[in-house]
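Engineer: Build me a model from this:
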Amino acid sequence: MVNDVVLLHDGLEVARGTVRINHPLLHDGLVILATSFDQHLAGFRCFLPGVGLVDLVPGRRIALPNGGTLGVLSVLADARRTADGRVFPGGAQLGSPALQLSLLSRDGSVWQDWYFLREPPPAALAVAGAVPQPVEPLAGGCCLTVGVLLAALSYYRKRAHGDRPQL
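Structural biologist: So this is what the prediction gives:
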(Lines give C-alpha, C1' and ligand atoms only; values in the text may rest on other atoms or scores of the structure.)
Protein backbone atom coordinates (compact mmCIF):
# COMPACT_ATOMS: atom_id res chain seq x y z
CA MET A 1 0.00 0.00 0.00
CA VAL A 2 2.11 2.79 -1.38
CA ASN A 3 0.85 6.25 -2.31
CA ASP A 4 3.00 8.77 -4.17
CA VAL A 5 1.86 12.19 -2.99
CA VAL A 6 2.48 15.71 -4.28
CA LEU A 7 1.41 18.65 -2.07
CA LEU A 8 0.44 21.80 -3.92
CA HIS A 9 -0.05 25.33 -2.59
CA ASP A 10 -1.56 27.82 -5.01
CA GLY A 11 -0.66 25.47 -7.85
CA LEU A 12 3.01 25.21 -6.86
CA GLU A 13 4.58 21.99 -5.60
CA VAL A 14 5.71 22.36 -1.98
CA ALA A 15 6.40 18.75 -1.07
CA ARG A 16 6.59 15.33 -2.64
CA GLY A 17 6.91 11.92 -1.02
CA THR A 18 5.76 8.37 -0.66
CA VAL A 19 3.16 7.52 1.96
CA ARG A 20 2.91 3.95 3.27
CA ILE A 21 1.24 2.35 6.26
CA ASN A 22 3.05 3.62 9.38
CA HIS A 23 5.16 5.97 7.22
CA PRO A 24 3.26 9.27 6.80
CA LEU A 25 4.45 12.28 4.86
CA LEU A 26 5.25 15.17 7.21
CA HIS A 27 5.36 18.73 5.92
CA ASP A 28 5.14 21.97 7.90
CA GLY A 29 3.04 20.43 10.69
CA LEU A 30 0.81 18.57 8.24
CA VAL A 31 0.61 14.77 8.49
CA ILE A 32 -0.55 12.85 5.42
CA LEU A 33 -1.57 9.27 6.11
CA ALA A 34 -2.22 6.39 3.73
CA THR A 35 -5.97 5.99 3.37
CA SER A 36 -6.26 3.89 0.23
CA PHE A 37 -6.38 0.24 1.10
CA ASP A 38 -6.93 -0.92 -2.45
CA GLN A 39 -4.45 -3.68 -3.20
CA HIS A 40 -2.72 -2.93 -6.47
CA LEU A 41 0.63 -4.41 -7.40
CA ALA A 42 3.09 -1.58 -8.01
CA GLY A 43 6.24 -3.69 -8.40
CA PHE A 44 8.61 -5.99 -6.57
CA ARG A 45 11.41 -5.28 -4.12
CA CYS A 46 14.31 -7.43 -5.22
CA PHE A 47 17.98 -7.98 -4.61
CA LEU A 48 20.21 -7.59 -7.68
CA PRO A 49 23.75 -8.96 -7.36
CA GLY A 50 26.25 -6.11 -7.45
CA VAL A 51 23.49 -3.50 -7.09
CA GLY A 52 21.66 -4.34 -3.85
CA LEU A 53 17.99 -3.80 -3.02
CA VAL A 54 15.94 -2.26 -5.82
CA ASP A 55 12.25 -1.67 -6.44
CA LEU A 56 11.31 -3.06 -9.83
CA VAL A 57 8.47 -0.83 -10.99
CA PRO A 58 7.43 0.02 -14.56
CA GLY A 59 9.66 2.69 -16.06
CA ARG A 60 12.61 1.96 -13.76
CA ARG A 61 16.08 1.68 -15.30
CA ILE A 62 18.93 0.21 -13.28
CA ALA A 63 22.61 0.51 -14.14
CA LEU A 64 24.33 -2.86 -13.81
CA PRO A 65 27.93 -3.41 -12.68
CA ASN A 66 28.85 -4.88 -16.11
CA GLY A 67 27.94 -1.59 -17.83
CA GLY A 68 24.52 -2.72 -19.02
CA THR A 69 21.11 -1.39 -18.08
CA LEU A 70 18.12 -3.35 -16.82
CA GLY A 71 14.76 -1.78 -17.63
CA VAL A 72 11.35 -2.67 -16.24
CA LEU A 73 8.70 -2.32 -18.93
CA SER A 74 5.68 -3.88 -17.25
CA VAL A 75 4.60 -5.75 -14.11
CA LEU A 76 1.68 -8.19 -14.01
CA ALA A 77 0.29 -9.63 -10.78
CA ASP A 78 -1.09 -12.69 -12.55
CA ALA A 79 0.20 -13.42 -16.04
CA ARG A 80 -0.63 -16.19 -18.50
CA ARG A 81 1.45 -17.34 -21.45
CA THR A 82 -0.28 -18.78 -24.50
CA ALA A 83 1.08 -21.71 -26.53
CA ASP A 84 2.50 -19.28 -29.12
CA GLY A 85 4.40 -17.35 -26.39
CA ARG A 86 2.16 -14.31 -26.04
CA VAL A 87 1.68 -13.03 -22.48
CA PHE A 88 -1.51 -11.47 -21.17
CA PRO A 89 -2.81 -10.43 -17.73
CA GLY A 90 -4.78 -13.03 -15.81
CA GLY A 91 -6.17 -10.67 -13.16
CA ALA A 92 -5.29 -8.19 -10.43
CA GLN A 93 -4.86 -10.78 -7.65
CA LEU A 94 -1.32 -12.02 -7.06
CA GLY A 95 -1.07 -15.40 -8.74
CA SER A 96 1.67 -15.98 -11.27
CA PRO A 97 3.60 -12.68 -11.26
CA ALA A 98 5.69 -11.64 -14.24
CA LEU A 99 8.03 -8.81 -15.13
CA GLN A 100 8.57 -7.62 -18.68
CA LEU A 101 12.23 -6.68 -18.69
CA SER A 102 14.71 -5.27 -21.16
CA LEU A 103 18.45 -5.65 -20.94
CA LEU A 104 20.66 -3.21 -22.81
CA SER A 105 24.20 -4.56 -22.98
CA ARG A 106 27.29 -2.38 -23.07
CA ASP A 107 27.84 -3.42 -26.71
CA GLY A 108 24.38 -2.06 -27.65
CA SER A 109 22.53 -5.35 -28.02
CA VAL A 110 19.03 -5.43 -26.56
CA TRP A 111 17.18 -8.36 -25.00
CA GLN A 112 13.52 -8.08 -24.07
CA ASP A 113 11.23 -10.75 -22.66
CA TRP A 114 9.03 -11.77 -19.75
CA TYR A 115 10.40 -13.16 -16.50
CA PHE A 116 7.83 -15.24 -14.64
CA LEU A 117 8.95 -15.20 -11.01
CA ARG A 118 7.79 -18.79 -10.46
CA GLU A 119 9.94 -20.07 -13.33
CA PRO A 120 13.71 -20.21 -13.77
CA PRO A 121 15.13 -16.87 -14.95
CA PRO A 122 15.73 -16.32 -18.65
CA ALA A 123 19.25 -17.23 -19.77
CA ALA A 124 20.01 -13.65 -20.86
CA LEU A 125 19.49 -12.38 -17.30
CA ALA A 126 21.63 -15.16 -15.84
CA VAL A 127 24.48 -14.49 -18.27
CA ALA A 128 24.38 -10.75 -17.50
CA GLY A 129 24.31 -11.44 -13.73
CA ALA A 130 21.04 -9.52 -13.47
CA VAL A 131 18.65 -12.08 -12.00
CA PRO A 132 16.30 -10.25 -9.59
CA GLN A 133 15.72 -12.17 -6.38
CA PRO A 134 12.49 -11.11 -4.58
CA VAL A 135 13.23 -10.48 -0.89
CA GLU A 136 9.89 -9.73 0.78
CA PRO A 137 8.37 -13.22 0.30
CA LEU A 138 11.63 -14.77 1.49
CA ALA A 139 11.66 -12.68 4.65
CA GLY A 140 8.00 -13.47 5.32
CA GLY A 141 8.56 -17.18 4.75
CA CYS A 142 11.56 -17.19 7.10
CA CYS A 143 9.55 -15.44 9.84
CA LEU A 144 6.70 -17.92 9.48
CA THR A 145 9.11 -20.87 9.62
CA VAL A 146 10.83 -19.55 12.75
CA GLY A 147 7.44 -18.95 14.39
CA VAL A 148 6.25 -22.50 13.66
CA LEU A 149 9.51 -23.96 14.99
CA LEU A 150 9.26 -21.91 18.20
CA ALA A 151 5.65 -23.00 18.70
CA ALA A 152 6.57 -26.66 18.18
CA LEU A 153 9.56 -26.46 20.54
CA SER A 154 7.44 -24.72 23.17
CA TYR A 155 4.73 -27.37 22.89
CA TYR A 156 7.13 -30.29 23.29
CA ARG A 157 9.05 -28.57 26.10
CA LYS A 158 5.83 -27.98 28.03
CA ARG A 159 4.73 -31.55 27.34
CA ALA A 160 8.07 -32.93 28.61
CA HIS A 161 7.69 -30.95 31.87
CA GLY A 162 4.09 -32.03 32.38
CA ASP A 163 2.81 -28.49 31.90
CA ARG A 164 -0.71 -29.09 30.60
CA PRO A 165 -3.68 -26.80 31.04
CA GLN A 166 -6.62 -28.00 33.14
CA LEU A 167 -9.73 -28.26 31.03
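Engineer: From residue 108, how far out is residue 67?
Structural biologist: Distance, residue 67 to residue 108, using Cβ to Cβ, to the nearest Å: 11 Å. All C-beta spots, glycine's among them, are computed from the backbone N, C-alpha and C.
Engineer: Between the two, tell me which one has more neighbours.
Structural biologist: Counted by other Cβ atoms under 10 Å, residue 67 and residue 108 do not tie: residue 67 has more neighbours, with 10 against 6.
Engineer: Let me know the secondary structure of the more buried one.
Structural biologist: At residue 67, secondary structure determined by DSSP: H, G, I helix; E, B strand; the rest coil is coil.
Engineer: domain parsing for the chain?
Structural biologist: 2-32, 44-134, 135-167 (automatic domain parsing).
Engineer: just checking, which of these sits deepest inside the structure?
Structural biologist: The densest packing among the domains of the chain, expressed as mean neighbour count by mean count of other Cβ atoms under 10 Å, is seen in domain 44-134 with a mean of 15.
Engineer: average model confidence for the lengthiest helix in the chain?
Structural biologist: When the chain is parsed with DSSP state H, its longest helix is helix 136-160. Confidence for helix 136-160, expressed as mean pLDDT, is 76.
Engineer: what do you get for stretch 118-127?
Structural biologist: Stretch 118-127 shows a mean pLDDT of 90 in the predicted model.
Engineer: do the same with stretch 50-66
Structural biologist: Across stretch 50-66, pLDDT averages out at 91.
Engineer: Contacts for that stretch next, please.
Structural biologist: For stretch 50-66, the external contacting residues (Cβ atoms under 8 Å, 6 or more residues apart in numbering) are 42-48, 69-75, 99, 106, 128-130, 132, 135.
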